[in-house]
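**Q** Fold the following and give me the result.
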Amino acid sequence: MGTRHVVGRVDEIPPGGSKFVQVGKFGVGVYNVGGEYRAVTNYCPHRGGPLCVGMRYPVIESDEPYQFEVSGSDEILKCPWHGWEFDLRDGISEVGTKRIRTHTVRVEGDLVVLEGV
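**A** Residues are numbered from 1 along each chain as shown. So this is what the prediction gives:
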């Protein structure tokens, strides 16, 4: 079992919210994505940008021109340096083969706990 860090109370990170935690070499962003907690290292694999200060937005899907559907709730995290986009649910880049480091987050009672960093 690795290290554990209490991030805060559940009510401090409501759906759509986030909190930055100074753990590990770069820090970790903890996100509430549609009621599920996700955590990623604050490091973009493209050029090392501070990923966790990037914008978040929902997945936009399209089957044909001028037709689109917005799904989810701010699952995509965009690096502020060069615009690389990553899915907070699995850490995979929306374009290419890059992946960000994800971490396990658990809810224990009313606390959000980050594990293994």
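
**Q** Relative to residue 66, how far out is the residue positioned nearest the centre of the chain?
**A** The geometric centre of the chain, computed from its C-alpha atoms, lies nearest to residue 88 (CA atoms, centre = their mean), at 3.9 Å. Residue 88 sits 28 Å away from residue 66, going by CB to CB, to the nearest Å. For every residue, glycine as well, the C-beta is placed using N, CA and C.

**Q** which strands and helices sit next to the longest strand belonging to the chain?
**A** Among the segments of the chain that qualify as a strand by DSSP state E, the longest is strand 67-78. Counting contacts by 3 or more CB pairs under 8 Å, 6 or more residues apart in numbering; DSSP states H and E, strand 67-78 packs against strand 28-33, strand 56-64, strand 85-87.

**Q** any residues touching the second one, and which ones?
**A** Outside strand 56-64, the residues that touch it by CB atoms under 8 Å, 6 or more residues apart in numbering are 18, 31, 68-78, 87-88.
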